[in-house]
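Enquirer: The following block contains a protein sequence and its predicted model.
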Amino acid sequence: MTFSVIPPTLRNYVIPDQVLDDTRSFLHKRGEKGLEGVVLWIGKLVDETTAAVLGAYVPEQVGRRSELGVSVEVTQAGLSRLISELPEGVFVLIRVHSHPTDAYHSELDDENMLISHANAISIVVPFFARSPIELERCSVNELHHDAGWVELEPAEVRARFQVIV
C-alpha cells in the first residue's frame, strides 16, 4: 500500500531506538554550544493509522542565541534539499527540536512549522538532550487545524509511540 499524502487518520508511530539515539546525539552536540537543534523523523506509512519511522534527518539549519533566548530555523535551501531527496512514499513525519530548559511548545515553535499536515507531531526535548530521550518526558504536540498545537498527555504518548530495539 503506497500513500501519496499523509492521511489525517495517522495516530501511531513505531520508532527504532537508534533514531532516538541519533537524534539525541545531534541535539546534545548543538546544546553543548548553547544552541537549539532540529531533527526530522522520516518514514513510511504502514496503514492509515500507523507509520514506521525510518531515520533521523538533520536538515541545514541556523541556530541563534541572543539576550532574548535561543531559536533554530531550517534554511530554505535545507528544506528544498530534503524535499528533493525524499524517495517516493517517504514523508517527514515528526519534527524534533531541543530547548535549553523545560520542554514546552513555544509561540515561536507554533509559528515555525516545518510540517503542517493534520495531526502533525512536534516534539520538544528538554535541557538540550543531556539525557537519553524518553518521549514521556518531552513535550509531544499534535497539530489540530481547529485548535493549533495540542500537547499530548504522557499516557497518550505511551499508547501511541512504540519504541523498538
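Expert: That came in fine, so what should we check first?

Enquirer: mind listing what the helix or strand where Val53 lies pairs with, with the direction of each?
Expert: Using DSSP states H and E, Val53 falls within strand 50-57. If you go by DSSP bridges, strand 50-57 pairs up with strand 12-16 (parallel), strand 38-45 (antiparallel).

Enquirer: Now that strand: buried residues?
Expert: Buried residues in strand 50-57, defined by neighbour count with 16 or more other Cβ atoms under 10 Å: 51-54, 56-57. In short, each C-beta sits where N, CA and C put it, glycine included.

Enquirer: and for that strand, what are the contacting residues?
Expert: With Cβ atoms under 8 Å, 6 or more residues apart in numbering as the test, strand 50-57 has contacts from 6, 10-16, 19, 22-23, 26, 39-46, 82, 90-94, 96.

Enquirer: looking at the strands paired with strand 50-57, which is buried most?
Expert: Mean neighbours per residue, mean count of other Cβ atoms under 10 Å, is largest over those for strand 38-45, with a mean of 22.

Enquirer: now it: how far from the chain's centre is it?
Expert: 7 Å (Cα atoms, centre = their mean, to the nearest Å).
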